[in-house]
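Colleague: sequence plus the predicted model coming up.
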Amino acid sequence: MIKFSKILSVCGLSLSVLALSVMAAPKGGKPIVLGFSQVGAESEWRTANTESIKSAAKEAGITLKFSDAMNKQENQIKAIRSFIAQKVDVIAFSPTTTTGWEPVLQEAKKAKIPVILTDRGVDVKDESLYVSLMGSDFKIEGVRAGEWLVDYMNKKGITKPTINIVELQGTTGSDPAIQRKAGFEEVLAKNPNFKIIRSQTGDFTRAKGKEVMEAFLKTEGKNIDVLFAHNDDMAIGAIQAIEEAGMKPATDIVIVSIDAVKGAFEAMMSGKLNCTVECSPLLGPQLMQAAKDLMAGKEIPRRVITDEGVFPAEVAAKEFPNRKY
Ligand code: AHR
């Protein structure tokens, strides 16, 4: 595994963080109540993330009000409004998309309930609308996927004038889809023989990943050299489509995806996936600690970036027993 160092950044907005936390502290030693709005259950990653949040809340003695938005922003907005009405101590959520949050987050601010973003970021003008964002650097994940790919093709001596890539994007408008694409394209810009010939959303699901890959194969067929999937689930769906089209995944088409879930390791160990870039869903413990710190009137870091690596197929069998999700 290639390891990257942990970055912990604490910047700006410390005064507003402190003000919110002091005002929102629960009285009388009652357990902290945390309202959490989850995106849905679209992927193996998301299931592990939900499990991490639920078990960490239990462990920390925090009362968790959990709501599944079933991939719909309007459901998340409803859930956040209901947390405000219930006067929870802290609200946390993993946003479906980056935009459209200002009104509901203003309502939370007015109610003096601090908001923590986990996993994904939002695009808001007023940065005081949330106190912290904890999770991966999605752009770096895209860069890591691109760098691994260029390096792999060079080492294999694959120097065609054009290397044709198809891309399965995550949910349209979501932070990871936007950032992973940007990071990957940044690497391609420096390697102009690598070209994205088709790119479409597979909504982070296996079923959609398979469906879109089938369409790519129909129009592009043997033209496709590489698949870049924004998550492992879509890659696993696409692998099925490639096999059904009579081709060999990871041999006829080089495949790199993101998350590093167990399913991806299994695919690598059976020779069907070339590389997965890690994105850790195990955010529960740090979220609970942040909720406790806020309630104790402590300042919490504005941005916490998860420590992550890259796993090519060669290391899959050795690393598999260590995987926690
Ligand atoms: O936001 C994290 C992304 O969302 C994961 O990569 C993907 O699997 C999930 O659905």
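Modeller: Happy to help now that I have it. Everything numeric in this text was worked out from a predicted model, so none of it was measured.
Colleague: quick check: residue 57 touching residue 284?
Modeller: Yes: counting by CB atoms under 8 Å, residue 57 does reach residue 284; the two are 7.0 Å apart. All C-beta spots, glycine's among them, are computed from the backbone N, C-alpha and C.
Colleague: which residues in the stretch 101-250 of the chain form strands?
Modeller: In the stretch 101-250 of the chain, the segments counted as strands under DSSP state E, counting those that start in this stretch are 115-118, 132-135, 163-169, 194-201, 226-229.
Colleague: mind giving me the packing neighbours of the second one?
Modeller: Just to be clear, that refers to strand 132-135. strand 115-118, helix 284-295, strand 303-305 (3 or more CB pairs under 8 Å, 6 or more residues apart in numbering; DSSP states H and E).
Colleague: that one and the ligand in contact?
Modeller: No: against the ligand, strand 132-135 shows no contacts by CB under 6 Å from any ligand atom, the least distance being 7.3 Å.
Colleague: next one: the third one
Modeller: No: looking at strand 163-169 against the ligand by CB under 6 Å from any ligand atom, there are no contacts, and the closest approach is 11.4 Å.
Colleague: what about dumping the CA coordinates of that strand to PDB?
Modeller: This file holds the C-alpha atoms of strand 163-169, laid out as PDB (Å, rounded to 0.1, in the frame of the first residue of the first chain):
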ATOM      1  CA  ILE A 163      -5.500   5.500 -24.700                       C
ATOM      2  CA  ASN A 164      -9.300   5.500 -24.700                       C
ATOM      3  CA  ILE A 165     -10.900   5.900 -21.300                       C
ATOM      4  CA  VAL A 166     -14.500   5.500 -20.300                       C
ATOM      5  CA  GLU A 167     -15.600   7.100 -17.100                       C
ATOM      6  CA  LEU A 168     -18.400   6.100 -14.700                       C
ATOM      7  CA  GLN A 169     -19.200   9.200 -12.700                       C
END
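Colleague: could you check the angle that strand makes with strand 194-201?
Modeller: 20 degrees (axes from the mean of the first three to the mean of the last three CA atoms, to 10 degrees).
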